[in-house]
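Visitor: Sequence below, structure please.
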Amino acid sequence: MTDADAQQLAELLAQEHRLVFKTFEHDTAWTLGSRLHAEALKGQLPIAISLRRNGQYLFHAALPGSSADNDGWLLRKAAVVERYGHSSYYVGCKFRADGGDFDTDSRLDTGIFAAHGGAFPIILGTSGCIGTVAVSGLPQVEDHRFVVSQLERFLVETGQIPE
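Guide: Residues are numbered from 1 along each chain as shown. Now for the predicted structure:
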């Protein structure tokens, strides 16, 4: 693992340690999902968005330019978060940093799991990962950055984390 890999992984883990919810209810999912949707519309982003808690969809939206393929990616990325408890981007980067490839080295079905950026754990206090917020439609780094930036903004605005 290179120093750059180690630094990137540390930054990704720091995001997960910072972006922690105090509460997460049905209304939280709707409000957060609606904000993601509004920002994506404003940026004319061709993405699909999903928020799930314990496997239940609490929010889903498909914006112009997205397709049913994006829904498949949402499921596969979320499956990685649910299995590993980390962002789908972190998991993919960790496999690469360790000299491997998720698709072959994880021994998981790539029709069910995709370690590509865009799915982030919904972490509730000390309970840990209770769900996922995911987007699909942009290059994986951009999917990840969009989710993280919107989560950060939402959690600051709702007073769940300090600025």
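Visitor: residue ranges of the strands in this structure, please?
Guide: Assigned by DSSP state E, the chain shows strands spanning 20-21, 48-53, 56-62, 119-124, 128-136.
Visitor: tell me the average confidence for the fourth one?
Guide: By that I understand strand 119-124. When pLDDT is averaged along strand 119-124, the result is 97.
Visitor: Can you give me the buried ones in it?
Guide: 119-124 (16 or more other Cβ atoms under 10 Å). Every residue, glycine included, has its C-beta placed from N, CA and C.
Visitor: Which secondary structure element of this protein has the lowest mean pLDDT?
Guide: Taking mean pLDDT, DSSP states H and E as the measure, the chain has helix 3-18 as its least confident helix or strand, at a mean of 93.
Visitor: what's the distance between that one and the middle of its chain?
Guide: 15 Å (Cα atoms, centre = their mean, to the nearest Å).
Visitor: Report the angle between it and strand 119-124.
Guide: Using axes from the mean of the first three to the mean of the last three Cα atoms, to 10 degrees, the interaxial angle of helix 3-18 with respect to strand 119-124 works out to 40 degrees.
Visitor: what's the angle from helix 3-18 to strand 128-136?
Guide: Helix 3-18 and strand 128-136 are oriented at 110 degrees to each other (the same axes, to 10 degrees).
Visitor: Packing partners of helix 3-18?
Guide: helix 88-97, strand 119-124 (3 or more Cβ pairs under 8 Å, 6 or more residues apart in numbering; DSSP states H and E).
Visitor: Neighbouring strands - and their directions - for the last one?
Guide: Looking back up the chat, that one is strand 119-124. Looking at strand 119-124 with DSSP bridges, its partner strands are strand 20-21 (parallel), strand 128-136 (antiparallel).
Visitor: who touches it?
Guide: Applying Cβ atoms under 8 Å, 6 or more residues apart in numbering, the contact partners of strand 119-124 are 15-16, 19-24, 51, 53, 74, 77-78, 80-81, 85-89, 129-134, 144, 147-148, 151.
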